[in-house]
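Q: Model the structure of this input:
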Amino acid sequence: MRAIIVDQPGGPEALTLVDRPTPEPGPGEVLVDVAAAGVNFIDVYHRSGAYPLPTPFVVGSEGAGTVRTVGPDVSGVAEGDRVAWAMSPGTGYTDEAVVAADRLVLVPSEVDLETAAAVMLQGLTAHYLARTTFEAAPGHTALVTAAAGGVGLLLTQLLARAGTHVIGTVGSPAKAELARAAGAHDVVLYREEDLVDRVREITGGQGVHVVYDGVGRDTFDAGLELLRPRGTMVLFGAASGPVPPVDPQVLNQQGSLFLTRPSLAHYVADRAELLARADDLMHLVAAGELQVRVSGRYALADAHQAHTDLEAGGTTGKLLLLP
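A: Purely as a prediction, here's the structure:
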């Protein structure tokens, strides 16, 4: 098998292509021929050492492919099945992966494997954010940072389907068009407009019910300022860097606000919940009701370029490695 590993945390140059023996699936595991692997910011955090992992490690945790071999004590998955997964460290940037069977979901015939790989981590994230962390509904106004990013485009679509008024932040007119096409009612070009002033203008000074913030340091304070009393700040990422410590008294002073820092792992830890979310996502994709944008496809050996492009902030939608 070929795999991208990290021996020593660092920049994109730390990603190294190696050959390894093909692994054998153990009890409760299957061996999958990987058709596509998702590239995500959590991979950057692992590569850089921001989220440390024991080295050396295979990068990536999301993919889709075809089951080649089934290990002992596996049920519900068979050789030849088309499957997808997320949040399984060491199973992404490789052409052959051993994955725990209880982390796999079956891919409907109407959904191609590239799309399945592209929608798992970011789609499941958007799903729990919009459906569970803050249950968006008609009458709500939501601010979505990085609305043209991978999670942002999917989250905007789910919020718009729920009848929520979406205000998205983007960095360019081209990204603004993508956000609007996904269902954003209003778009703020944060490089040209003051975010706080513009959102206050859009909302008539009332602010928003919820902020979905995947950017972190650069947008967090403005997001808190824009919440209505008893509004909810959902900080689910830190693309611009981690947020400094927050004095809980600030939440009181700015209107008895709620603050949560959720993680996908806690919203799919139970297999029944994983399957329910994944089935809903795949159904929406298969029916053409959720559009998955893949903006970059890279060979496995070009993983370093995928990371460079992702960290530069100019990408939209999803980046994939195609082993």
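Q: Which elements pack onto the top strand by length along the chain?
A: Taking DSSP state E as the criterion, the chain has its longest strand at strand 29-39. The contact analysis (3 or more C-beta pairs under 8 Å, 6 or more residues apart in numbering; DSSP states H and E) places strand 29-39 against strand 63-70, strand 96-100, helix 113-128, helix 303-312, strand 318-322. The C-beta positions use only the backbone N, C-alpha and C, and glycine is treated the same way.
Q: Tell me which other helices or strands the third one touches.
A: Pointing back at helix 113-128 there. The contact analysis (3+ C-beta pairs under 8 Å, 6+ apart) places helix 113-128 against strand 29-39, strand 63-70, strand 82-85, helix 150-161, helix 271-286, strand 294-299, strand 318-322.
Q: need the next SSE after that helix, C-terminal direction.
A: Proceeding N to C from helix 113-128, the next assigned helix or strand is strand 141-144, under DSSP states H and E.
Q: re the thing from before, so which bits of the longest strand of the chain are buried?
A: Across strand 29-39, burial judged by 16 or more other C-beta atoms under 10 Å covers 29-32, 34-39.
Q: and if you look at stretch 223-242?
A: 223-224, 226-228, 231-240.
Q: again with stretch 2-21
A: 3-6, 9, 12, 14-15.
Q: Confidence-wise, which of the buried residues of stretch 223-242 comes last?
A: Scanning the buried residues of stretch 223-242 for pLDDT, the low point is A239. It has 85.
Q: if we can go back for a sec, quick one: the longest strand of the chain to chain centroid distance?
A: 17 Å (C-alpha atoms, centre = their mean, to the nearest Å).
Q: per the record, what domains does the chain have?
A: Domain assignment for the chain, taken from automatic domain parsing, gives 2-120+269-322, 138-261.
Q: how long is the longest one from one end to the other?
A: As for domain 2-120+269-322, its first-to-last residue distance stands at 12 Å under the measure C-alpha to C-alpha, to the nearest Å.
Q: I'd like the distance between the nearest residue to F220 once chain neighbours are set aside and G65.
A: The shortest distance from F220 to any non-neighbouring residue, by C-beta to C-beta, 6 or more residues apart in numbering, is to V243 (4.6 Å). The spacing between V243 and G65, counted by C-beta to C-beta, to the nearest Å, is 36 Å.
Q: Between the two, which is the more surrounded one?
A: Using other C-beta atoms under 10 Å, the more surrounded residue of V243 and G65 is G65, with 27 against 20.
Q: How much space separates the residue sitting nearest the centre point of the chain from V98?
A: Using C-alpha atoms, centre = their mean, the residue of the chain that lies closest to the mean C-alpha position is Q122, 2.7 Å off. Computed as C-beta to C-beta, the Q122 to V98 distance reads 23 Å.
Q: hmm, back to that, so what's the residue nearest to the centre of the chain up against?
A: 38, 40, 150-151, 154, 318 (C-beta atoms under 8 Å, 6 or more residues apart in numbering).
Q: V208: which of these is nearest?
A: Proximity of the contacts of Q122 to V208 (C-beta to C-beta) peaks at V151, which lies at 17.7 Å.
Q: Quick check, pLDDT for the closest residue to the closest one other than its chain neighbours.
A: Distances taken as C-beta to C-beta, 6+ apart place Q122 nearest to V151, at 4.7 Å, with adjacent residues excluded. At Q122, the pLDDT value in this model is 96.
Q: Give me the distance between Q122 and A86.
A: Using C-beta to C-beta, Q122 is found at 9 Å from A86.
Q: joint contacts of these two?
A: Shared contacts of Q122 and A86 (C-beta under 8 Å, 6+ apart): G38.
Q: most packed of the helices and strands packed on helix 113-128?
A: With neighbours taken as mean count of other C-beta atoms under 10 Å, these reach their highest mean count in helix 150-161, at a mean of 26.
Q: angle of that one against helix 113-128?
A: Counting by axes from the mean of the first three to the mean of the last three C-alpha atoms, to 10 degrees, helix 150-161 lies at 60 degrees to helix 113-128.
Q: so what does helix 150-161 touch, helix or strand wise?
A: With contacts defined as 3+ C-beta pairs under 8 Å, 6+ apart, helix 150-161 has these neighbours: helix 113-128, strand 141-144, strand 165-170, helix 173-182.
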